[in-house]
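Trainee: Attaching a predicted model along with its sequence, questions to come.
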Amino acid sequence: MTFNTFPKIIRLTPSGRGAVASILLYGSGALDILKRHWTGQELCVTDQPLFGRFRLEIIGQNEEVVVHVSNRNEIEIHSHGGEIVVSAIESTLIQDGANSVSWQDFFCNGKTQSESALRLLPFAPTEFTAQILLDQYNGALDREYAEIEKLENETLKQQRLNRLKENAKIGKHLVEPFRVVLAGASNAGKSSLFNSILGFQRSIVNVIAGTTRDVVSSQTALDGFPVTFYDTAGFRETQFDLERQGIERSRQSIANADLLVWVIDLTVPETEQPTIPDTENILICFNKIDLVSPNNSTPNDSIPCEQQTVSEKKFIVSATTGQGIETLLEQIIRRLVPNPPKPLEAVPL
Ligand SMILES: Nc1nc2c(ncn2[C@@H]2O[C@H](COP(=O)(O)OP(=O)(O)O)[C@@H](O)[C@H]2O)c(=O)[nH]1
Ligand SMILES: [Mg+2]
């Protein structure tokens, strides 16, 4: 690493309350700056910790600290973990010319795969995504490129490149969740289905159509991948401005969805249903199967009600009893991640 004119201050521990906070003072003149605010054991380059006090003129107090001086240009300062103390130490050093830099910018500038992986790692929401990021940090992509380059068989080469392309879509969602939007007519059971999927009552469910006005979301994980479900306002004609705004938001959510789950009430005739959006990224979910007796044909004539799953794109469920929900979730994740990466596999970020 090269030194700028002034040393850098990097917070090594996250902000918030903690027993100990660690700050790295790095760059030319680091030791000289520290000496100006130090009383305690003599400051020198040593592999032993040095105990002393850091004068915080800003808050008129001395803070007990332990420092580790690896060399004149690289010093770790360990203080109490409160935000006020850490900010006061930083401000004191900044007044002396040091620059505050985030740990991400300091340790990785995000240009190589390995650096990007390190930058994303603390934000991995599941063990599975953290493992994929660790594999990338340890050079999975570089190894894959090197192997592909050596291949003489063009077909094999293309296959490996195609697989990388496929995995790149997953790379986008190791931290950022997939977006799955539940939409459909008012009262179809979107909010009930949303609650049933999440396993707790997040959305308000009511017999009165038009209850859900705003888009409600909640994040969960399916097969180790982060997924945010969105419950939306139902589509219907309405004279209420607030509900109209809700419906407009539903439309926007659908446009941004990775997958749309279109919910249909099995007890409502097909002629009274809103038109199903014409999109590839859709699963159709016929809800309220518990209200249809096994031998009756449903108002949605085309749906044989004895079958739980009608096709890969069409599902029969009951948000109330939970019937078919497991199968629906399996299909949702299969659609989002058809072929998940194996351990040590390259995933471009
Ligand atoms: N019997 C039965 N009732 C359901 C089912 N799903 C939803 N409901 C009922 O249908 C009504 C509307 O549900 P809600 O989830 O608010 O619909 P939304 O407007 O699409 O969000 C409520 O009275 C729910 O209890 C289901 O699978 N079976
Ligand atoms: Mg609702």
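Mentor: In hand now; what should we look at? Ligands and ions are numbered 1, 2, ... in the order given.
Trainee: So which residues of the stretch 51-200 of the chain form helices?
Mentor: Taking DSSP state H, counting those that start in this stretch as the criterion, the stretch 51-200 of the chain carries its helices at 83-95, 103-107, 113-120, 127-137, 140-150, 154-171, 190-198.
Trainee: For the protein, list the residue farthest from the centre, please.
Mentor: Most distant from the centre of the chain: residue 42, at 46.2 Å, with distances by C-alpha atoms, centre = their mean.
Trainee: Residue 31 and residue 23, how far apart?
Mentor: 14 Å (C-beta to C-beta, to the nearest Å). C-beta here means a position set from N, CA and C on the backbone, and glycine is covered the same way.
Trainee: circling back to that earlier point, in TSV, list the helices of the stretch 51-200 of the chain along with mean pLDDT.
Mentor: Converted to TSV, the helices of the stretch 51-200 of the chain look like this (pLDDT from 0 to 100):
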stretch	mean pLDDT
helix 83-95	92
helix 103-107	80
helix 113-120	86
helix 127-137	95
helix 140-150	92
helix 154-171	94
helix 190-198	93
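Trainee: what's the most buried one of those helices?
Mentor: Compared across these, helix 190-198 shows the largest average neighbour count, a mean of 24 (mean count of other C-beta atoms under 10 Å).
Trainee: Next, the buried residues of the helix or strand following that one.
Mentor: Counting by DSSP states H and E, the element after helix 190-198 in chain order, helix or strand, is strand 216-222. Burial within strand 216-222, assessed by neighbour count using 16 or more other C-beta atoms under 10 Å, is assigned to 216-218, 220, 222.
Trainee: Touching strand 216-222 from outside, list them.
Mentor: Contacting residues not belonging to strand 216-222 are listed as 125-126, 177, 191, 194, 197-198, 202-203, 226-231, 329, 332-333, 336 [C-beta atoms under 8 Å, 6 or more residues apart in numbering].
Trainee: That one vs helix 127-137, what angle?
Mentor: Computed by axes from the mean of the first three to the mean of the last three C-alpha atoms, to 10 degrees, the angle separating strand 216-222 from helix 127-137 equals 70 degrees.
Trainee: ok, for residue 142, nearest residue in space, not its chain neighbours?
Mentor: Nearest residue to residue 142 in three dimensions, chain neighbours excluded: residue 113, at 6.8 Å (C-beta to C-beta, 6 or more residues apart in numbering).
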